[in-house]
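K.L.:
fold the following, please.
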Amino acid sequence: MTTTATTGASVTQRPEIHQTSIWQQSWIMVKRNMIHTKRMPEMLSDVTIQPIMFVLLFAYVFGASITNTGGVSYKEFLLPGIMGQTIVFTAFIVSTGITADLEKGIIDRFRSLPIRRSSVLVGRSIASLLHSSIGIVVMAVTGLAIGWRIHNGFGEAVLAFALLLLFGFAMIWFGILVGSWLTSVEAVNGFMFTTLFPLTFLSNAFVPTGPMPSWLRTIAEWNPISSLVQAMRVLWGNGPAAGPGSPWPLQHPELATLIWSIVLTIVFAPFALRAYNKRTSD
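P.N.:
Have a look, this model is predicted:
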């Protein structure tokens, strides 16, 4: 009885956890995920082969039939939309990764180590952003090869990429929530596919919202992804600013994207942490 009580106390207190900072522990988790990707390079197909395929298909198959793009070529209209979709799918990556680790019992092994529980989530989140960033770079290079350009200054270009990563960070919490809530990778894939694909296509990412029916156009214009994509188009010079009759999020897309990112994080983060703690508790 004494041995059990002592062991329970040591496990509960675990003073050795404080020998390293949470950032050091999180970085170890990032490296673990990167090494896993290095040993299984086929995991990068979704951010290498697929982005090239998407850019070429949309640019040359659909581009010929979409002309109302505000005076810019469809290729320049397209690239911010494709990048917005890719960063939204960061939630897909982190949710499947967490669910796979939970299914295989890897999270239970991590819990036996002298590390903070939150370092697993932080490490997985950073690794997922890095994973998606590879896709952004691949798409940017592909876009440059087919004629896409950034027409504004360096500061505006950096701000657009910063907003892209900030929105991706907000979507990570949604991914953590789904990955902790559902119990199999198959269930996560089905749920995220039926959730994120309609969300990205029901926006201004690939087509202008003007020709849409009024009720559908209203939904698309208030879609957070539309604000993100519009912000990138304006900052990169890939499309005109929204007119005075447009909804507020499209007239002020940079501020709207910032607000959406904060709101989504505030909404999803508490539920995600609660679901993860509940799933990983004894």
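K.L.:
please count neighbours and contacts with C-alpha atoms only from this point.
P.N.:
OK.
K.L.:
what about Arg39, neighbour count?
P.N.:
Other residues within reach of Arg39, judged by other Cα atoms under 10 Å, total 10.
K.L.:
what about it, distance to Asp46?
P.N.:
Summarising the geometry, the distance separating Arg39 from Asp46, computed by Cα to Cα, to the nearest Å, is 16 Å.
K.L.:
and if you look at Val88?
P.N.:
Using Cα to Cα, one obtains 13 Å as the distance from Val88 to Asp46.
K.L.:
these two - which one has more neighbours?
P.N.:
It is Val88, of Val88 and Asp46, that has more neighbours when counted by other Cα under 10 Å, with 27 against 16.
K.L.:
could you measure from that one over to Ser128?
P.N.:
Counting by Cα to Cα, the gap from Val88 to Ser128 is 11 Å.
K.L.:
next one: Arg39
P.N.:
Using Cα to Cα, which is the criterion applied here, Arg39 is 16 Å from Ser128.
K.L.:
same question for Pro41.
P.N.:
Here Pro41 is placed at a distance of 15 Å from Ser128 (Cα to Cα).
K.L.:
compare these two (neighbour count), which wins?
P.N.:
Applying other Cα under 10 Å to Pro41 and Ser128 shows that Ser128 carries more neighbours, namely 26 against 10.
K.L.:
which other helices and strands contact the helix or strand containing the more buried one?
P.N.:
Using DSSP states H and E, the secondary-structure element containing Ser128 is helix 117-146. Helices and strands touching helix 117-146, as assessed by 3 or more Cα pairs under 8 Å, 6 or more residues apart in numbering; DSSP states H and E, comprise helix 22-39, helix 45-57, helix 74-88, helix 90-104, helix 154-181.
K.L.:
list the contacts for the residue nearest to Ile87 when sequence neighbours are not counted?
P.N.:
Spatial nearest neighbour of Ile87, excluding adjacent residues (Cα to Cα, 6 or more residues apart in numbering): Gly168 at 5.2 Å. Residues in contact with Gly168 (Cα atoms under 8 Å, 6 or more residues apart in numbering) are 87-88, 90-91, 129.
K.L.:
ok, back up a step: now the helices and strands packed on helix 117-146 as a markdown table including distance to Ala187?
P.N.:
Putting these into a markdown table (distance: least, Cα to Cα, whole Å) gives the following:
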| stretch | distance to Ala187 |
| --- | --- |
| helix 22-39 | 22 |
| helix 45-57 | 19 |
| helix 74-88 | 19 |
| helix 90-104 | 9 |
| helix 154-181 | 9 |
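K.L.:
okay, these in JSON lines with mean pLDDT and distance to Thr67 next?
P.N.:
As requested, the helices and strands packed on helix 117-146 are arranged in JSON lines below (pLDDT from 0 to 100; distance: least, Cα to Cα, whole Å):
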{"stretch": "helix 22-39", "mean pLDDT": "79", "distance to Thr67": "40"}
{"stretch": "helix 45-57", "mean pLDDT": "81", "distance to Thr67": "16"}
{"stretch": "helix 74-88", "mean pLDDT": "91", "distance to Thr67": "7"}
{"stretch": "helix 90-104", "mean pLDDT": "87", "distance to Thr67": "30"}
{"stretch": "helix 154-181", "mean pLDDT": "93", "distance to Thr67": "24"}
